[in-house]
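1. Curious how this folds, go ahead:
(chains A, B and C)
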Amino acid sequence: MRRATTGLLRPLSPAFFRRPTLQIAPDLLGRFLIVLENGGPVGGRIVEVEAYIGEDDPACHAFRGRTQRNTAMYGPPGHAYVYFTYGNHWMLNAVTEREGFPAALLIRALEPLHGLSAMRLRRGSDKDRTLTNGPGKLTKALGIDGGDNGASLRGPRIIIAGRRPPGLPVAVSGRVGVSEGGYVPWRFYVDGNLWVSPYRNGTRATKGRYSDGVE
DNA sequence: AGCATGATTTGCT
DNA sequence: GCAAATCATGCTC
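-> Reported below is the predicted structural model:
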């Protein structure tokens, strides 16, 4: 397991995250999100992300300006923005764009590949299919919480790394859990992947294929 | 498979 | 006080 991952644990550079958020989103799919622990790496491939961009985006936490909670989103790209919601769930975002501009990509789902037993333990021995197929589920499986807010995504603890597999089928839709006002097709996912989150909530998803020269 | 509900904390109209 | 970038459970078709 360890031997297989070490070659892939070359963290993505800050320059990768300093680009326009909608350009990064499809490029982030298929990369590895890994948490390093004493017991070894825990994580897998990113298969679903959502963009939240700037103070003009009504669904973005920075819509009403900077607060104590959203400060990390204004920080340098390539770091984590972790927040707590609905009374029980931590959400992990990758901060994007230049420092001072609030934008991030919410990591919504993971295809679990490393440290399965640790994940099952934290999640309460679930089926593998539901281990990390949602933003709250994956943070719990990986042990990510408020202590990780602001942490670098190049380690030592959390690492986003690896190459994007060629030919990955990318699809787009509206964002989950975002009301009418904030509708934009800013959810990107690996089409057909079993760990993409279930899209409940009266879906006017307007799913579409994404093809825009990221290959 | 799809809908309704309770859990439970934080930030700010 | 209320709404929130959610999840698990329990109910109904």
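2. Need the single longest strand in chain A, by residues.
-> strand A:40-53 (DSSP state E).
3. Listing partners with orientation, what would you give for it?
-> strand A:32-37 (antiparallel), strand A:103-114 (antiparallel), strand A:187-190 (antiparallel) (DSSP bridges).
4. so which of those strands gets nearest DNA strand C?
-> Taking CB to the nearest atom of the strand, strand A:103-114 is the member of the strands paired with strand A:40-53 nearest to DNA strand C, at 3.3 Å. C-betas here are computed from N, CA, C, even on glycine.
5. near DNA strand C, anything from that closest one?
-> Yes. Applying CB under 7 Å from any atom of the strand, one finds strand A:103-114 touching DNA strand C at A:104, A:106.
6. Just put the strands paired with strand A:40-53 in CSV and tack on mean pLDDT and distance to residue A:168.
-> Shown next, in CSV, are the strands paired with strand A:40-53 (pLDDT from 0 to 100; distance: least, CB to CB, whole Å):
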stretch, mean pLDDT, distance to residue A:168
strand A:32-37, 94, 13
strand A:103-114, 96, 12
strand A:187-190, 95, 6
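7. would a markdown table of those with mean neighbour count and distance to residue A:25 be doable?
-> Output for the strands paired with strand A:40-53, formatted as a markdown table (neighbours: other CB atoms under 10 Å; distance: least, CB to CB, whole Å):
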| stretch | mean neighbour count | distance to residue A:25 |
| --- | --- | --- |
| strand A:32-37 | 21 | 14 |
| strand A:103-114 | 24 | 6 |
| strand A:187-190 | 24 | 5 |
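8. Include distance to residue A:164 when you put the ones you listed into TSV, please.
-> Putting those into TSV (distance: least, CB to CB, whole Å) gives the following:
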stretch	distance to residue A:164
strand A:32-37	10
strand A:103-114	14
strand A:187-190	11
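9. Columns distance to DNA strand B on top of these, output as JSON lines?
-> Converted to JSON lines, those look like this (distance: least, CB to the nearest atom of the strand, whole Å):
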{"stretch": "strand A:32-37", "distance to DNA strand B": "22"}
{"stretch": "strand A:103-114", "distance to DNA strand B": "15"}
{"stretch": "strand A:187-190", "distance to DNA strand B": "17"}
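10. picking up where we left off before, which outside residues touch the helix or strand that the longest strand of chain A is followed by?
-> Where DSSP states H and E defines the elements, the next helix or strand beyond strand A:40-53 is strand A:80-85. For strand A:80-85, contacts defined as CB atoms under 8 Å, 6 or more residues apart in numbering pick out A:61, A:69-70, A:72-73, A:75, A:90-95, A:104, A:139, A:144-146, A:148-153, A:158.
11. Which of those fall in helices?
-> residue A:139 (DSSP state H).
12. Spatially, what comes nearest to residue A:10 if we skip its sequence neighbours?
-> Distances taken as CB to CB, 6 or more residues apart in numbering put residue A:161 closest to residue A:10, at 5.4 Å, once the chain neighbours are dropped.
13. one step back: list buried residues within the contacts of strand A:80-85.
-> A:61, A:70, A:72-73, A:75, A:90-95, A:104, A:139, A:144, A:148-149, A:151-153, A:158 (16 or more other CB atoms under 10 Å).
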